[in-house]
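J.: Generate coordinates for the sequence data below:
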Amino acid sequence: MTHLCIPKPFGDKYNVMMRVVNYCLSTYPYEVYIQANDLKEAGSEYSACIRQDVAATKVSCQMFGGREWQDAETGDRLTAFRRGLADGIVYAEVYQGDLQVASLDGAVKTLATGLLANSLCAQGSASLNRVVLMLLLD
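T.: Residues are numbered from 1 along each chain as shown. All right, here's what the predicted structure looks like:
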């Protein structure tokens, strides 16, 4: 397994992200996982890329921040989850601190249900093992 991170400003300045993603998907179809690490209420700056590639691979998001840090920048979790689900994500990384807040139970259930629905659409089957809700431990 190889991880590739294209940080700013390199990704923006040279417009390489889409070229690298397209190369990887054409060379290794369905073997590449794409993860945006900026799921927040305002949406992901990578939404266009994720939506384009959802038919060719599995896409995911990691929360931008958690209850303990960058909470205000992350914003409303339900809206963030809905935005990620609309992008077609089939798994998500959510910080443990957010999962332990009773007031977010509804948002987490919405995320879990949406991940299942997206996974079933992507796989064309009722396979629960395709849905992964990863916890980042505090």
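J.: Quick check: mean pLDDT of whichever helix in the chain runs longest?
T.: Looking across the chain with DSSP state H, the single longest helix is helix 105-123. For helix 105-123, mean pLDDT rounds to 87.
J.: With stretch 47-60 instead?
T.: Here the average pLDDT along stretch 47-60 is 84.
J.: Which residues belonging to that stretch are considered buried?
T.: When neighbours are counted by 16 or more other CB atoms under 10 Å, the buried residues of stretch 47-60 are found to be S47, C49, I50, Q52, D53, V54, A56, T57, K58, V59, S60. The way it works is simple: take the backbone N, C-alpha and C, and place the C-beta from them, glycine included.
J.: so who does the closest residue to R82 other than its chain neighbours touch?
T.: For R82, ignoring the flanking residues on the chain, the nearest one in space by CB to CB, 6 or more residues apart in numbering is T110 at 7.0 Å. T110 makes contacts with L78, F81, R82, L85, as judged by CB atoms under 8 Å, 6 or more residues apart in numbering.
J.: Tell me where the model's unsure across the protein.
T.: For the chain, applying pLDDT under 70 flags the ranges 1-2, 7-14, 122-138.
J.: Recalculate using a threshold of 90.
T.: 1-26, 28-37, 44-60, 67-69, 91, 97, 116-138 (pLDDT under 90).
J.: where do the strands sit along it?
T.: Here the chain has its strands, by DSSP state E, at 33-39, 58-63, 91-95, 132-136.
J.: List the residues that contact L4.
T.: V20.
J.: sorry, back to before: of the strands of the chain, flag the one that's most buried.
T.: Neighbour counts (mean count of other CB atoms under 10 Å) averaged over each of the strands of the chain peak at strand 58-63, with a mean of 23.
J.: partner strands of that strand, parallel or antiparallel?
T.: strand 33-39 (parallel), strand 91-95 (parallel) (DSSP bridges).
J.: okay, these in a markdown table with distance to A102 next?
T.: Below are the strands paired with strand 58-63 laid out as a markdown table (distance: least, CB to CB, whole Å):
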| stretch | distance to A102 |
| --- | --- |
| strand 33-39 | 21 |
| strand 91-95 | 15 |
